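**Q** Need coordinates for the following:
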Amino acid sequence: MGKVVKLFVILIILIALGAGAWVAVDNLPGSDSGDGQSFISADALKRLFGDDGELPDGISVLVPADCQADDDAWVKKGDCQVDGLVLTGGINSCGAGKEIWIRDPDHSSFVAAVGDGKCEEEERECNVECPVDCEGDTYIDSDPPCITPTGVTLDGVNKCGTGLKTYELDTSADDYVAPIGKGTCQTSFKNVCTVACPQGVRPETSCVDYGTPQKSANGCVVSQMPYARLVTYDEAGFQEWFRLPEDPDAPGCQEKDHMDSWWVPCTGPPKPVNCEGTWGADGGWGPCESEEVCDAQPEKTRTFRRTLDAKHGGTCDLPADETIDRTNAGCPPLGPCCEIDTTTKALGRKYKQAQDNAPDTCVQEFSYRIITDIDDGCAKKERKVPGFSTTGTMACCIGEGDWSPAVGSAASITDLSVPVAHGGYRSCLSTGLMTQEQTVYGQQCHGEKYIYNVPCEYIGEWEQRDVPPIGHDCPTDGYNKYVRKTMNSAASTSKTEPCTYIGEWEKDGECGDYGRAIQRWKRHVQHSNEASSEDRTCCDPGDWTPYYCKPRSDSPTSQKGDRKESRSIDGCPSGTENDRTIENGCELRGCKITLREHWCHNYFGSQWGFDYSDEKLNDHGANNTVSSFLLSGDNCSASFYENNYYNKWYHSKSVKNVSHRRPKCFDLPGPDNELSSFKLTNGGKDL
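**A** I've put the predicted structure just below:
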């Protein structure tokens, strides 16, 4: 099926599914081309074939891509605008604006967007020239001929009368300035002219208009059609101009189209613009300021700036440009230049002052604490404000004579190491202060003496700093350390004296660390010739050592014996264990014996097995019938007797380390069948 048919089928399926997907086809095959390539969007692919669906042959997923072009491939999309309004070039619709540029789709480098791809736009600055009419005052012919409207040149010889002079503006002259933008340029105009007639020459008669044109009373209208409406604000239109005939009765003036009129572009009146202005950001208020630094009320100012004056009949109720506004709102008053604290006084000199008819008294100078003094404000205030002062005097109490006890005298020093009975003093307290007294006078005295606490020297008693261990008079380091309290003194506050310390004996390590059965003891000794260590005998038992595996009654079956162990007990007290038995503590093959009816080389006949001695073999039917025996075990011996109860020794054999699976066979010597009892002995084994 062709590609177009395939694409049509896919579109039908998409519509049926309501997929809303779209399919783009590129390079569809023509009559003389190869296979084209069809594209389907990713969304349509998922709806048709699922996430992992495979596309039919010739269909590819469309990958979105933005359009592309060379850097210089741009084209303007629209007109220059301001706030969405197109700048038309009229007197009130011109100047700077913005315009949109896009990639030029006709440029050879342009590649269109694919799928959801976009084409970027670029906003650029633009400018539409404001209209300016042409200017010039030079004409091609400064004195053109006077010609009647019918085309007759009035030369003043053969022709005379009233006509028109046509003036053509010289656009190549130096003073000519071409119009700008939509500005207009009237390059010609006509003026009425009169040529005197010679005697006998009759003047030409024709309808001649006045040279000065007039505007139509209809004003600026939107078109040149009859009854066109007037233009609105800033709207472009047309104004009709005309000239009236000088002599309405002249030939031709009564004709229908005699009027000389023309249309000139015009623009409606500009829209009224109200004035605009601002005090500035956030109301425009500046900082609070004052020429004074104290005792003043600062204020802040703002200045109004006119940004746009009223035009075209617009209104303006805003302040004039550069209007200054002032306020002290939000400006705290500046503090006082002088501020004193009358509750705090700095005391000064005391002195006696004589009184009339009264004893001398005491006067003391003082000054108040100055909190603020800016720019010598307090001195200025004292000069200006009656009763204000930063100083004063007050009644006081003054002493006379020496203070007792005098500082530094023996009586002012307390040394507790010197008893009072031996000349010691106790005037100075442990706080380092003592009370002095002085004779006083003055109105503020409340007694006959001044009492005043002054620093003094105090030396306290020695106190032991470190408490010795119980039962000792000396600390473990061999030094008694003493401290004492001093105040305002250069005397030492600590001392150290050596002392003898002998500590308690304690073990140094374990028994045997310093020799067999030796325990070392030590003690702490300071400032003494006593020994600090000694060796004493101690119990130092050795390690348990196995020496014998003792047979048990069940050894033939358990293959175990009791392990015998011993150790040395040097230095240990009587009764210390030096030998012990560990039950089932060693491997031991018990003794087993098998009595046989025939000799060793004969493997036939009856057999009787035992793992114990038997004093009466006839109880087992084995008496007087034994010719040989099998013996096995670790350390086993067998003794055979002719009679019961082990009577009359007959024969003995022993084995060592013989397996029960491979016992050793022995033939009995002497006559056969004379065995009545035997002893089976397990000798154990040494370890």
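**Q** Could you look up the SS state of the residue nearest to the spatial centre of the chain?
**A** Of all residues in the chain, the one closest to the mean position by CA atoms, centre = their mean is residue 282, 33.6 Å from it. With DSSP: H, G, I helix; E, B strand; the rest coil as the basis, residue 282 sits in helix.
**Q** Output the below-cut-off pLDDT ranges for the stretch 551-687 of the chain.
**A** Along the stretch 551-687 of the chain, the model assigns pLDDT under 70 to residues 619-624, 649, 670-674.
**Q** For it, which segments count as strands?
**A** 560-566, 579-587, 592-596, 607-610, 628-643, 647-658, 664-667, 677-682, 685-686 (DSSP state E, counting those that start in this stretch).
**Q** quick one: contacts of the last one?
**A** Spelled out, that is strand 685-686. 547-549, 561, 588, 634-635 (CB atoms under 8 Å, 6 or more residues apart in numbering). Yep, even glycine has a C-beta here, placed from its N, CA and C like the rest.
**Q** Buried members of these into ChimeraX, please.
**A** A single ChimeraX command selects the buried members of these (16 or more other CB atoms under 10 Å):
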select :548,549,561,588,634,635
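**Q** okay, now residue 377: neighbour count?
**A** Neighbour count of residue 377, defined by other CB atoms under 10 Å: 18.
**Q** Show the contacting residues for it.
**A** If you count contacts by CB under 8 Å, 6+ apart, then residue 377 has 294-295, 336-338 around it.
**Q** rerun that using 10 Å as the cut-off
**A** 293-295, 336-339, 370 (CB atoms under 10 Å, 6 or more residues apart in numbering).
**Q** So for stretch 276-289, what gets flagged as buried?
**A** Buried residues in stretch 276-289 (16+ other CB under 10 Å): 277, 279, 285, 288.
**Q** for the record, mean pLDDT for that stretch?
**A** What stretch 276-289 shows for mean pLDDT is 92.
**Q** quick one: low-confidence parts of the protein?
**A** 1-60, 209-211, 256-259, 619-624, 649, 670-674.
**Q** Helices along that one, start to end?
**A** 3-17, 42-49, 377-384, 555-558 (DSSP state H).
**Q** Need the contact partners of the last one.
**A** Pointing back at helix 555-558 there. 549, 552, 561-562, 584, 587-593, 610-612, 632-634, 636, 660, 680, 682, 684.
**Q** Going through those, which ones are buried?
**A** Buried, going by 16+ other CB under 10 Å: 549, 552, 561-562, 588-593, 610-611, 632-634, 636, 660, 680, 682, 684, out of these.
**Q** CA atoms only: put stretch 451-463 into PDB for me.
**A** Taking Å, rounded to 0.1, in the frame of the first residue of the first chain, the C-alpha atoms of stretch 451-463 are listed here in PDB:
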ATOM      1  CA  ILE A 451      34.200  56.200 112.700                       C
ATOM      2  CA  TYR A 452      35.700  55.000 109.500                       C
ATOM      3  CA  ASN A 453      36.700  51.500 108.200                       C
ATOM      4  CA  VAL A 454      40.000  51.500 106.500                       C
ATOM      5  CA  PRO A 455      42.200  48.700 105.100                       C
ATOM      6  CA  CYS A 456      44.700  47.100 107.500                       C
ATOM      7  CA  GLU A 457      47.100  44.100 107.600                       C
ATOM      8  CA  TYR A 458      45.600  40.800 108.800                       C
ATOM      9  CA  ILE A 459      47.700  37.600 109.300                       C
ATOM     10  CA  GLY A 460      45.700  34.500 110.300                       C
ATOM     11  CA  GLU A 461      46.600  31.200 111.900                       C
ATOM     12  CA  TRP A 462      48.300  28.300 110.100                       C
ATOM     13  CA  GLU A 463      45.900  25.500 109.100                       C
END
